[in-house]
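Engineer: sequence and predicted structure, then a few things I'm wondering about:
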Amino acid sequence: MDLVPRRHLQIVSGRSHPALTEAIAGHLGVTPSEANVRTFANGEIHCRFDASIRGADVFIIQTHCGPVNETVMEHLIMIDAAKRASAKRITAVIPYYGYSRQDRKATGREPITAKLVADMLTAAGVNRILSVDLHSGQIQGFFDCPFDHVTAAPVLIDYLRDRMGDNAVIVTPDAGRAKVAERYANHLGVDMALVHKTRPKGTANQVQALQVVGDIEGKRCILIDDMIDTAGTICAAADLLVEAGAAEVWALATHGVLSNPATERLSNSTSISKVVITDTLPIPSGRHFDKLEILSVSRLIADTIGAVFEETSVSEIFGGENLA
C-alpha cells in the first residue's frame with residue numbers, strides 16, 4: 001500500500017500571550033488549536049489538546065513573561081503533551097526567551113540559567129526553537145536542535161524611517177549592542193554613538209552611565225536596546241545624552257518587560273520623549289502611558305513559521321540579518 005505523505009500545521013497557544021498567537025494565526029490563515037491549559041488548586045498545571053495532533057507540525061507559542069517560572073513550566077508541559085500525542089515535529093515559539101540574561105558566569109558560584117532552560121526544553125521533547133531578539137547570540141549554541149532567530153529590526157526600522165527626521169543618530173546604551181545599532185544606522189543612513197556604562201559590583205537592576213562616545217549634540221538620539229526591564233539603563237543613558245547636548249531622546253526596544261518601577265521612570269523622565277516597544281510580551285493596560293507606542297511583530301513571526309513549515313529559507317525574510 002502506497003501513501004502520499006500529508007503535512008499539517010498546528011498552532012497552539014499557552015496562556016501567557018494569547019492575543020499575539022491570534023494575530024500570528026490570522027496572518028497564517030489558520031485557527032489555533034485549543035490546549036485546555038488549567039491550573040489545579042495546588043498550583044500544578046495540566047493541558048489536553050482538543051484535536052488530534054498525530055503526525056502534525058506543531059508550533060507551541062509561549063512568551064516567557066512574568067511570573068516567568070510559571071510560563072516556562074507551562075511551556076514544558078505543553079511540549080511534553082504534544083510529544084506524547086505523537087506530533088511529528090514540535091517547535092517552541094518563544095517571542096521572549098526567559099532567563100536570557102543569565103547566559104554566562106559573571107562571577108564565581110553562579111548558574112547559567114539560560115542553558116538550564118534550553119536543557120529543559122530539549123528534555124521535554126522540542127525539535128526546533130524560534131525566538132525573537134535574543135539577549136545574546138550564544139544562547140543558540142545551548143541547543144543541539146535547529147534554532148531560528150527572528151529580529152524585530154524590520155518593524156522598528158520601518159517605524160523610524162517614516163518618523164525620525166534627518167537630524168538623528170542611533171545610540172547604543174552599552175557596547176554589547178553595538179553591532180545591532182550599527183545595522184540600524186546603516187539601514188537608516190545616519191551616524192551612530194555609544195553610551196559607556198558600568199554596573200556597581202554585586203548589584204542587580206542598577207547602572208551608571210559614564211560618558212558618550214560620538215557626536216550627538218543638537219540631534220535626536222534613538223536609543224536601541226533588546227529590552228527595557230526596570231528602565232534603569234535607558235533612563236541613565238537618556239539623562240547623559242541630554243546633558244551632553246542631545247535635542248531629544250527616543251527609546252526603542254524589542255521586549256517591553258517593564259518591571260516595576262519602569263513605567264514610573266519612563267513616564268516621569270524629562271529626558272525621554274518617546275518609548276517604542278513591540279508586542280513580544282503582553283503589556284497590561286495599567287502599564288500603558290502617554291509616551292508608549294507598541295508595534296506588532298506578529299507578521300514577522302508568522303512569516304518565519306510559514307518558512308519553517310514549508311522548508312524554505314528563514315534568513316531570506318530578513319535579508320540575512322537575523323543575527324543576535
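Structural biologist: Right, received. Where do you want to start? Numbers count the residues shown, from 1 in each chain.

Engineer: list the residues that contact I222.
Structural biologist: I222 is in contact with 160, 164, 168-171, 184, 250, 252, counting by CB atoms under 8 Å, 6 or more residues apart in numbering. Just so you know, the C-beta spots here come from the backbone N, C-alpha and C atoms, and that holds for glycine as well.

Engineer: highest neighbour count among these?
Structural biologist: Using other CB atoms under 10 Å as the neighbour test, the contacts of I222 are led by V171, with 32 neighbours.

Engineer: that one belongs to a helix, doesn't it?
Structural biologist: No: per DSSP: H, G, I helix; E, B strand; the rest coil, V171 lies outside any helix segment and is strand.

Engineer: and for Y159, the neighbour number?
Structural biologist: 15.

Engineer: coming back round to it: out of the contacts of I222, who's nearest L121?
Structural biologist: Comparing those against L121 with CB to CB picks out L252 as the nearest, at 28.8 Å.

Engineer: surely K83 touches T122?
Structural biologist: No: between K83 and T122 there is no contact, the gap being 11.4 Å when judged by CB atoms under 8 Å.

Engineer: dump the contacts of I222 to CSV, plus pLDDT and distance to L210.
Structural biologist: Listed next are the contacts of I222 as CSV, based on pLDDT from 0 to 100; distance: CB to CB, whole Å:
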residue, pLDDT, distance to L210
L160, 97, 26
M164, 94, 26
A168, 97, 23
V169, 98, 19
I170, 98, 19
V171, 97, 14
Y184, 96, 23
W250, 98, 21
L252, 98, 22
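
Engineer: ok, those vs I216, which is closest?
Structural biologist: Closest to I216, out of all of those and judged by CB to CB, is V169, at 5.5 Å.

Engineer: tell me the contacts of that closest one?
Structural biologist: Applying CB under 8 Å, 6+ apart, the residues contacting V169 are 185, 190-193, 214-216, 219-222.

Engineer: how close does it sit to Y184?
Structural biologist: According to CB to CB, to the nearest Å, V169 and Y184 sit 10 Å apart.

Engineer: what do these two both touch?
Structural biologist: Common neighbours of V169 and Y184 (CB under 8 Å, 6+ apart) are 192, 222.

Engineer: what residues of stretch 155-162 count as buried?
Structural biologist: Using 16 or more other CB atoms under 10 Å as the test for burial, stretch 155-162 gives 155-157, 160.

Engineer: cool, stretch 31-46 as well?
Structural biologist: In stretch 31-46, counting by 16+ other CB under 10 Å, buried: 32-33, 35, 37, 45.

Engineer: so can I have JSON lines of those showing pLDDT?
Structural biologist: Putting those into JSON lines (pLDDT from 0 to 100) gives the following:
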{"residue": "P32", "pLDDT": "96"}
{"residue": "S33", "pLDDT": "94"}
{"residue": "A35", "pLDDT": "96"}
{"residue": "V37", "pLDDT": "97"}
{"residue": "I45", "pLDDT": "98"}
